[in-house]
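**Q** got a sequence here, can you build the structure:
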Amino acid sequence: MFGRWLGNRTNRVQRSSPLAAVQTPPSAGVLSCRVLDPVNEPVTHAEFAVSDAQGRKVVCGETDPFGAFVTAVPAGEYRLAVSAEGYTPYRASATVAASTLASFGDVTLQVAQPLELPAAGDWDIEPAHSSIAFTARHIGLARVHGRFNTFAGAIRIVDPVGQSAMHVVIDAASIDTNVRMRDDHLRSADFLDVNRFPTLEFYSERCVHKGGNRWAVTGALTLHGVTRTVTLDTEYLGLGNGMEGEVRGAFRATTELHRDDFTVSWQTMLARGIAVVGPSIRIELDVQIVRKG
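**A** Have a look, this model is predicted:
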């Protein structure tokens, strides 16, 4: 029994001959659909994922400028998941037979209800349930993952929310990549130079709603004695209650920093001309906040 498509008059998978333009092996079929919003406009760049009966992802991607996707898959049972910013995710199942087209027709996504925002007032970042992590490229191949273990921060929520302020202080010496020799080098004058610059600080007084649960938080980051403007691509996750009943808010955020922007320019090249450390660092934050007591 196939899942019911919300807002769509077609409530079952339609079958017909495969599209002539899609070349498939004899054992494969074709799966397709078109993703629309509630006013029947195509949802471009909606993300879709097709998984097999064991839950293994078979194919994924984004819809085209017309809100459509077409993909060839081996004959079998599949689950389809479609998601887009600001809309409720959609899921359904289908059976794809060899040399046939399994078309879901038009899929209408429903607008998601906005999450409740934190109440106006002062909030603290809760370190025990938060993390500040980073990823750097090593010798052009592997990625090195690390984190800062010691940090503190406060957020002042105001109305309108876009004028809220955030201040975060990070202990530079708390950098941790799980390799002592590497961490000592990162603390040295070649990189963070923690004796001269013991903290990293981020201060923001501006955030912009980008739709759905997405926000852009822009502020000044001071690292290695240099201050640059940085924007955090932020996903607000909503409110919840802690073990003691206290209200908590949560969000995830990412940004990319370039070492040269902060004069962290130590560079060593391998014999074949590949930098030991890549020029950019990806920062990932998982943050929970609690009302200041």
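**Q** and residue 113, its phi and psi?
**A** When quoted as degrees, to the nearest 10, the phi and psi of residue 113 stand at phi -70, psi 130.
**Q** and it, how many neighbours?
**A** Neighbour count of residue 113, defined by other C-beta atoms under 10 Å: 7. C-beta: built from backbone N, CA, C; applies to glycine.
**Q** show the pLDDT at it.
**A** Looking at residue 113, its pLDDT reads 80.
**Q** how near is it to residue 256?
**A** In this view, residue 113 and residue 256 are 31 Å apart by C-beta to C-beta, to the nearest Å.
**Q** swap in residue 165?
**A** Taking C-beta to C-beta, one finds residue 165 at 23 Å from residue 256.
**Q** quick one: which of those two has more around it?
**A** Remark: of residue 165 and residue 256, residue 165 carries more neighbours, 16 against 12, as counted by other C-beta under 10 Å.
**Q** do you know how far the more buried one is from residue 204?
**A** 7 Å.
**Q** can you pull the contacts of the nearest residue to residue 49 once chain neighbours are set aside?
**A** In space, residue 49 comes closest to residue 60 once its chain neighbours are excluded; the distance is 4.3 Å by C-beta to C-beta, 6 or more residues apart in numbering. Counting by C-beta atoms under 8 Å, 6 or more residues apart in numbering, residue 60 touches 47, 48, 49, 50.
**Q** next step: the residues you listed restricted to helices.
**A** Judged by DSSP state H, helices contain none of the contacts of residue 60.
**Q** so which of those residues is the most crowded?
**A** The residue in those with the most neighbours, by other C-beta under 10 Å, is residue 48 (21 neighbours).
**Q** how about that one, what does it touch?
**A** Neighbouring residues of residue 48 by C-beta under 8 Å, 6+ apart: 35, 60, 61, 62, 63, 69, 80, 81, 82, 83.
**Q** so the first one sits right up against residue 47, yeah?
**A** What that stands for is residue 35. No. With contact defined as C-beta atoms under 8 Å, residue 35 does not reach residue 47; the gap is 9.8 Å.
**Q** overlap in contacts of these two?
**A** Shared contacts of residue 35 and residue 47, defined by C-beta under 8 Å, 6+ apart, are found at 82, 84.
**Q** in the stretch 151-293 of the chain, mark out all the strands, start to finish.
**A** Ranges of strands in the stretch 151-293 of the chain, per DSSP state E, counting those that start in this stretch, are 151-157, 165-171, 175-176, 199-211, 214-223, 226-241, 247-258, 277-291.
**Q** and these as CSV, adding mean pLDDT and distance to residue 96?
**A** Below are the strands of the stretch 151-293 of the chain laid out as CSV (pLDDT from 0 to 100; distance: least, C-beta to C-beta, whole Å):
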stretch, mean pLDDT, distance to residue 96
strand 151-157, 96, 48
strand 165-171, 97, 48
strand 175-176, 94, 47
strand 199-211, 92, 33
strand 214-223, 94, 33
strand 226-241, 93, 33
strand 247-258, 93, 34
strand 277-291, 87, 36
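**Q** can you tell which of those is closest to residue 129?
**A** strand 277-291 (4.2 Å; C-beta to C-beta).
**Q** helices and strands around the closest one, which ones?
**A** Other helices and strands packing on strand 277-291, by 3 or more C-beta pairs under 8 Å, 6 or more residues apart in numbering; DSSP states H and E, are strand 121-125, strand 131-138, strand 247-258.
**Q** neighbouring strands - and their directions - for it?
**A** Strand pairing for strand 277-291, using DSSP bridges, gives strand 121-125 (antiparallel), strand 131-138 (antiparallel), strand 247-258 (antiparallel).
**Q** who touches stretch 108-121?
**A** Here stretch 108-121 makes contact (C-beta under 8 Å, 6+ apart) with 5-8, 35-38, 40, 43, 46, 82, 84, 86-88, 90, 155-159, 161, 212-213, 236-239, 247, 249, 289, 291-292.
**Q** buried only: go through those residues for me.
**A** Those of the contacts of stretch 108-121 that meet the buried threshold are 5, 35-37, 43, 46, 82, 84, 87, 90, 155, 157, 212-213, 236-237, 249, 289, by 16 or more other C-beta atoms under 10 Å.
**Q** alright, I will stop here.
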